[in-house]
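J.: fold the following and give me the result.
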Amino acid sequence: MSKLKVAYQLYSARDDVEKGMLPVLKKLAKMGYDGVEFAGFFGHSAKEINEMLAETKLKAASSHVPVAEMKKDLDGVIAFHKKIGCKHIAVPYLEEAYRPGQPGFADMIRFLFEAGRKCCRQGIKLLYHNHDFEFVKVSGMYGLDFMYASLPEKYLQTEIDTCWVKYAGVDPVSYVKQYKGRAPVLHLKDYNGVHSDTAPYALIGLDDTQASTESTFAFRPFGHGVQDVKALLKAGQEAKVQWFVVEQDESKDMPALKAAELSLRSIRENS
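T.: Got it, this is the predicted structure:
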């Protein structure tokens, strides 16, 4: 396989980023990461973000933007991301009322259509980042598939989170291949454990909804859990993934950036 472009989801090291984004970016660049995926900008202006990216030679691969923020000022969101050269904006999470099987799901699809159309007109690709709750059946198919079937590809593309696909009981390798050509950004995430009634989410921007992690479940550096690393990387290339993004919601037994280093090493050794 050719050298993959690998980015790091900064939410994974949010406590470090809160103390100082530039030192984190410098460490990631030194490890060999090619870019970063943002989850908020911690008060930095577009000019400041550009200066940090230029200094570290990292690219703005993509960015997670909560639905509420998009609804409030999508034009401003798009303008900011254009200034930093970020061509992928991802919906990171849906509140329960808007999930597949809930009354608000149809409204969410309409919103994604309008948001995706506006992004498309500005040269931005709107993505959707899944958890496991999209793998309930809607009209005979998974809610996530229903969402993608309902919207034009040019208005909504995938950011498949391989951890949550597998956690839901679906083969992530096959699922990535299913969206060949519609998967510009892919989340590489690993874990040990089994599915339980308590979803072990650490949710972006939703401090009051964090669920306690079950003792049977633990996020792990990519390549140090249950995922088939080689098969996923190969599937990603076959699906024409542009950016492979390392994400680890929590790192309890080592510093987040140490886990980031282990994940990148697994990717480079297996690609």
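J.: low pLDDT regions in the stretch 101-250 of the chain?
T.: 196-215 (pLDDT under 70).
J.: what ranges do the helices span in it?
T.: 105-121, 143-150, 162-167, 172-178, 229-238 (DSSP state H, counting those that start in this stretch).
J.: output those as CSV; include the columns mean neighbour count and distance to Lys3.
T.: To be clear about C-beta, it is placed using only N, CA and C from the backbone, and glycine gets the same treatment. Compiled in CSV, the helices of the stretch 101-250 of the chain are given as follows (neighbours: other CB atoms under 10 Å; distance: least, CB to CB, whole Å):
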stretch, mean neighbour count, distance to Lys3
helix 105-121, 17, 29
helix 143-150, 19, 29
helix 162-167, 24, 20
helix 172-178, 20, 19
helix 229-238, 19, 11
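J.: export these to a markdown table and tack on distance to Leu4?
T.: Shown next, in a markdown table, are the helices of the stretch 101-250 of the chain (distance: least, CB to CB, whole Å):
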| stretch | distance to Leu4 |
| --- | --- |
| helix 105-121 | 25 |
| helix 143-150 | 24 |
| helix 162-167 | 14 |
| helix 172-178 | 13 |
| helix 229-238 | 7 |
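J.: which secondary structure elements does the helix or strand containing Lys82 sit against?
T.: Following DSSP states H and E, the helix or strand that holds Lys82 is helix 67-83. Contacts defined by 3 or more CB pairs under 8 Å, 6 or more residues apart in numbering; DSSP states H and E place helix 67-83 against helix 46-56, strand 88-91, helix 105-121.
J.: next, the angle from that helix to helix 105-121.
T.: 10 degrees (axes from the mean of the first three to the mean of the last three CA atoms, to 10 degrees).
J.: what average pLDDT does helix 67-83 get?
T.: In this model, helix 67-83 has a mean pLDDT of 98.
J.: this completes my enquiry, with thanks.
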